[in-house]
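Enquirer: pasting the structure only:
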């Protein structure tokens, strides 16, 4: 009888433990986890992940937790998520990924982090562009330098508009010192300077048409 009571007690204890563990997991719903990331509540996210929450959970727009952290430039959160297996290439409904967004927004520290954790160079944004192309457009010199000198990175990739990173820097840049530096970085990294746009206009011709004398001089000497 005593042994039977012990057995029943043990079973009840096990069931209660399992139930409590399940409740702990259920406590962190996708909505709560998304909110914790958006609120930059690192402790709550860490507890949720330890309780078994899915690290690649998405919101209603398909944005992953890591993409949200990237958009917030929350490096601490990004490191936490990556350490728990977050996918740096996971794309949302408009094809943004943490790596692509980090490049486009000039988050150099996050770009480096994602390069160290499996960033893919064959995943492109909605313009069929790489992380480098919008970084050139927006004048993010540090990110441009990192990506242009990353072995295997497609520095001469052509997006849906028919533009390389070099063309984007010239066509959408303003010819200021920042864009001169970006063009110099791309040239030093070995980009192909003669690839034209869809109308057959080369980077040098664009620079001359826009009156960007320093950029034109760089391209002429290369």
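Expert: Okay, I see it. Everything numeric here is computed off the predicted structure, so don't read it as measured data.
Enquirer: okay, now the domains of this protein?
Expert: Following automatic domain parsing, the chain resolves into domains at 1-125, 127-222.
Enquirer: Following the chain onward from the least confident helix or strand in the chain by mean pLDDT, which element is next?
Expert: When the helices and strands of the chain are scored by mean pLDDT, DSSP states H and E, helix 2-27 comes last with a mean of 44. With elements assigned by DSSP states H and E, the helix or strand that comes after helix 2-27 is helix 30-38.
Enquirer: same for that following helix, what does it pack against?
Expert: helix 42-50, helix 65-71 (3 or more Cβ pairs under 8 Å, 6 or more residues apart in numbering; DSSP states H and E). Quick note: C-beta positions are derived from backbone N, CA and C, even for glycine.
Enquirer: Repeat the analysis, applying 10 Å as the threshold.
Expert: helix 42-50, helix 65-71, helix 75-83 (3 or more Cβ pairs under 10 Å, 6 or more residues apart in numbering; DSSP states H and E).
Enquirer: Can you pull the poorly scored residue ranges out of the chain?
Expert: 1-28 (pLDDT under 70).
Enquirer: rewinding a little: looking at the helices and strands packed on helix 30-38, which is closest to residue 203?
Expert: For residue 203, the closest of these is helix 65-71, at 30.1 Å, according to Cβ to Cβ.
Enquirer: which helices and strands does that closest one pack with?
Expert: Under the contact criterion of 3+ Cβ pairs under 10 Å, 6+ apart, helix 65-71 touches helix 30-38, helix 42-50, helix 75-83, helix 98-105, helix 108-115.
Enquirer: and among those, the most buried is which?
Expert: Most buried of these, by mean neighbour count (mean count of other Cβ atoms under 10 Å): helix 98-105, with a mean of 27.
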